[in-house]
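> how would this look folded up:
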Amino acid sequence: MWKLGLVENETLISPLEDGDGVSYILTGVRESSFDATEIVAYEDPKHMDYGVNVLFADMHVEIIDHEIFDAMLSEQESERDAEP
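Take a look at the predicted model:
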């Protein structure tokens, strides 16, 4: 799975990928951020009806309800847009 410290391509493909080529979406992370509420990446929300797999800046992963996830991501994007 790991080769020379790099991740194999297959590791970045969700087992739930539905053929559209989208597995995970990266939002990016601010430098030196380890905020447990900052979304770094998430699985394509279409993959699961009951929630979204979300990776946070402190490296923990949770399955978040779609409505809650949408609100969290929207708030994070608004905060980033407001930054100088």
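
> where do the helices of the chain begin and end?
66-82 (DSSP state H).

> where are the low-confidence patches of it?
1-5, 29-30, 32, 84 (pLDDT under 70).

> distance of the closest residue to residue 63 other than its chain neighbours from residue 8?
In space, and not counting its chain neighbours, residue 63 is closest to residue 51: 4.0 Å by C-beta to C-beta, 6 or more residues apart in numbering. Bear in mind the C-beta positions are built from the backbone N, C-alpha and C, glycine included. Look at residue 51 and residue 8: by C-beta to C-beta, to the nearest Å, they are 26 Å apart.

> likewise for residue 64?
For residue 64 relative to residue 8 (C-beta to C-beta), the value is 27 Å.

> for these two, indicate the residue with more neighbours.
Neighbours of residue 64 and residue 8, each counted by other C-beta atoms under 10 Å, are more numerous for residue 64; the result is 20 against 10.

> list the residues that contact that one.
51, 52, 54, 72 (C-beta atoms under 8 Å, 6 or more residues apart in numbering).

> pretty sure the second one contacts residue 46?
This points to residue 52. No - applying C-beta atoms under 8 Å, one finds residue 52 not in contact with residue 46, separated by 9.5 Å.
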